[in-house]
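Chemist: sequence and computational prediction follow.
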Amino acid sequence: MSMNGDEPTVGQLVANASKELSSLVRSEIELAKTELKKTAVAAGTGAGMFAAAAFLGLLAVILLCIAAAYGLTAAGLHPAIAFLIVAGAFLLIGAILVFIGMRALKSAKGPTRTIETSKESVEVLKSIGKGDDETLALPEPGVRR
């Protein structure tokens, strides 16, 4: 190898490669930040639009309830009775939803197999701690004995 002044040394090559790699990493990080910022702005805008739509939907439901009550009034009922009928209908719908929700919650069960295998593992560990060499292997998760 000739050591001529025009050719960079190995140390210079390593230093240059290190600088370029660090510059590349910084550039990639800046690109990721820019992309994530745009994505966050789009997600925030979308969430705001959904919130506005939900609010307008709520207002529409309120106005439809008032219209239903006035419709009953136009049919000849006293306004107080008409509004009570509409409110009663909503209470009935709410009660039905509560009943359905309670049935769904009662049918939800915990992780029974996980609890079972955890108890078996604890028993095996206790027996190992007491010096029983009969069962040295822990049960595999999800496998029943």
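Modeler: Yep, that arrived.

Chemist: going forward, measure contacts and count neighbours with C-alpha atoms only.
Modeler: Noted.

Chemist: top helix in the chain by residue count?
Modeler: In the chain, taking DSSP state H as the definition, the longest helix is helix 10-74.

Chemist: which other helices and strands does it contact?
Modeler: The helices and strands touching helix 10-74, judged by 3 or more CA pairs under 8 Å, 6 or more residues apart in numbering; DSSP states H and E, are helix 79-107.

Chemist: C-terminal to the helix it packs on, what's the next element?
Modeler: Downstream of helix 79-107, the first helix or strand assigned by DSSP states H and E is helix 112-130.

Chemist: which residues of the protein score low on pLDDT?
Modeler: By pLDDT under 70, the low-scoring segments of the chain are 1-5, 131-145.

Chemist: let's see that with 90 instead.
Modeler: The chain contains residues with pLDDT under 90 at 1-39, 106-145.

Chemist: quick check on T9: phi, psi?
Modeler: Dihedral pair for T9: phi -80, psi 170, per degrees, to the nearest 10.

Chemist: and it, how many residues sit next to it?
Modeler: 12 (other CA atoms under 10 Å).

Chemist: sweet, I'm off.
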